[in-house]
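**Student:** Below is the sequence, then the predicted model.
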Amino acid sequence: MTDTAPSILLIYTGGTIGMIENPETGALESFNFDHLLKFVPELKRFNYHINTYSFDPPIDSSDMEPYHWARLVRIVERNYGQYDGFVILHGTDTMAYTASAMSFMLENLSKPVILTGSQLPMGMLRTDGKENLITAIELAAAKNADGSAAVPEVCIYFEKDLMRGNRTTKINAEKFNAFKSFNYPCLGHSAIDIQIKPERIRRPDPLRPLKAHYLFDTNVVVLTLFPGIQESIITSVFRLQGLKAVVMKTFGSGNAPQKPWLIRLIKEATARGVVVVNITQCQSGSVEMERYETGRQLLEAGVISGYDSTPECALTKLMFLLGHDLPPEEVRRLMATNLAGEITIDA
């Protein structure tokens, strides 16, 4: 008889979910994921084949860099034919950056890649890690009636919500509901049953294989505008040596102070080939530079819309596109293109 049990690869990068408290010092230390069943014996009840891979040493999520994203993508690519889905255990601080980056790096993904973690270590009595891990594994194994993956996307699952990875932002450092997708509805929820919303999920092209990407260029900066910001600060940012792109966080629907020096500096930068992307400082909503004069000035200066992109997504998408050595005009065009469900573009 053919074994049809789903196969899941569990990848531990580091983070709170994989830590236990040292009884002598009280410090949090990483535990060996070979002993996973000891801490989560419920996994034995799954009729799944679950294998584990651990970063050695584990990486604190604040130390995550494009090198580690590439390492994760390489693990997925090399094991793509052997597993039905992948679960990545990751620290919460930069999880949304990793999920956003991987959504672009794994082009035409047809299997689930679910990132999760926890606010409390797995070994603690009230940990949220168990439920997050168990449900993430179930989601990675879930299939449609035709045998295709139910969630063929890079997602974050946290505190009962399944979210598209490149739409997700960390919103809370203390509560269990640490992540939210403000501008795109959740792909699913877990309650008594796991409810997946198929109409919200992107589907791969069945005629194309997975294409993995690994190149990034980190010559980018995030510039947050604020009342009273000085010309010297903007000047120093736009004239940074080697700068290729700026994610500019503006007010409301994409507005900036009507300062002649600001528009002049932006025009000079865009003329040099620096890509300037406008996203709103608001957690919810989209940039509409045509709405007010203050936004139209930015548009005329060469600033492009980031639509309703999260800061994490705008930044990683820019780094991804720049890494492929594309000319500035092509980067601008692709920033205004919905590549992986990351932005909403009105018809």
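**Tutor:** That came through fine. All figures in this text were calculated on a predicted structure; none of them were measured in a lab. Residues are numbered from 1 along each chain as shown.

**Student:** which regions of the stretch 51-200 of the chain lie under the pLDDT threshold?
**Tutor:** Low-confidence segments of the stretch 51-200 of the chain (pLDDT under 70): 122-125.

**Student:** Now with 90, please.
**Tutor:** Scanning the stretch 51-200 of the chain for pLDDT under 90 picks out 52, 54, 56-61, 91, 117-132, 159, 172-179, 191-193.

**Student:** the helices in it, which residues?
**Tutor:** For the stretch 51-200 of the chain, the helices defined by DSSP state H, counting those that start in this stretch occupy 66-78, 95-105, 129-141.

**Student:** Those: which one's closest to residue 305?
**Tutor:** Nearest to residue 305, of all the helices of the stretch 51-200 of the chain, is helix 95-105, at 17.7 Å by CB to CB. Where you see a C-beta, it was placed from the backbone N, CA and C, and this is true even at glycine.

**Student:** just checking, what packs against that closest one?
**Tutor:** The contact analysis (3 or more CB pairs under 8 Å, 6 or more residues apart in numbering; DSSP states H and E) places helix 95-105 against helix 66-78, strand 113-116, strand 154-158, strand 169-170, helix 311-323.

**Student:** So what angle separates the directions of the third one and helix 129-141?
**Tutor:** Computed by axes from the mean of the first three to the mean of the last three CA atoms, to 10 degrees, the angle separating strand 154-158 from helix 129-141 equals 150 degrees.

**Student:** and strand 154-158 with helix 66-78, angle?
**Tutor:** Using the same axes, to 10 degrees, strand 154-158 lies at 110 degrees relative to helix 66-78.

**Student:** name the helices or strands packed onto strand 154-158?
**Tutor:** Helices and strands touching strand 154-158, by 3+ CB pairs under 8 Å, 6+ apart, are helix 95-105, strand 113-116, helix 129-141, strand 161-164.

**Student:** switch to 10 Å and redo it
**Tutor:** Helices and strands in packing contact with strand 154-158 are listed as strand 85-89, helix 95-105, strand 113-116, helix 129-141, strand 161-164, strand 169-170, strand 179-180, strand 188-190; criterion 3 or more CB pairs under 10 Å, 6 or more residues apart in numbering; DSSP states H and E.

**Student:** Once you drop chain neighbours, what's closest to residue 5?
**Tutor:** residue 47 (5.1 Å; CB to CB, 6 or more residues apart in numbering).

**Student:** and that neighbour, what element?
**Tutor:** Here residue 47 sits in a region with no helix or strand, counting by DSSP states H and E.

**Student:** Kindly state the pLDDT recorded for it?
**Tutor:** Predicted confidence (pLDDT) for residue 47: 87.

**Student:** Next: residue 290.
**Tutor:** 84.

**Student:** Name all residues that make contact with it.
**Tutor:** Each residue near residue 290 by CB atoms under 10 Å, 6 or more residues apart in numbering is listed here: 253, 254, 296, 299, 305.

**Student:** same check, this time on residue 63
**Tutor:** By CB under 10 Å, 6+ apart, the contact list for residue 63 reads 14, 91, 93, 94.

**Student:** For residue 254, see how far away the closest residue to the second one other than its chain neighbours is.
**Tutor:** Distances taken as CB to CB, 6+ apart place residue 61 nearest to residue 91, at 2.6 Å, with adjacent residues excluded. In this structure, residue 61 lies at 30 Å from residue 254, with CB to CB, to the nearest Å as the measure.

**Student:** Appreciated, that's everything.
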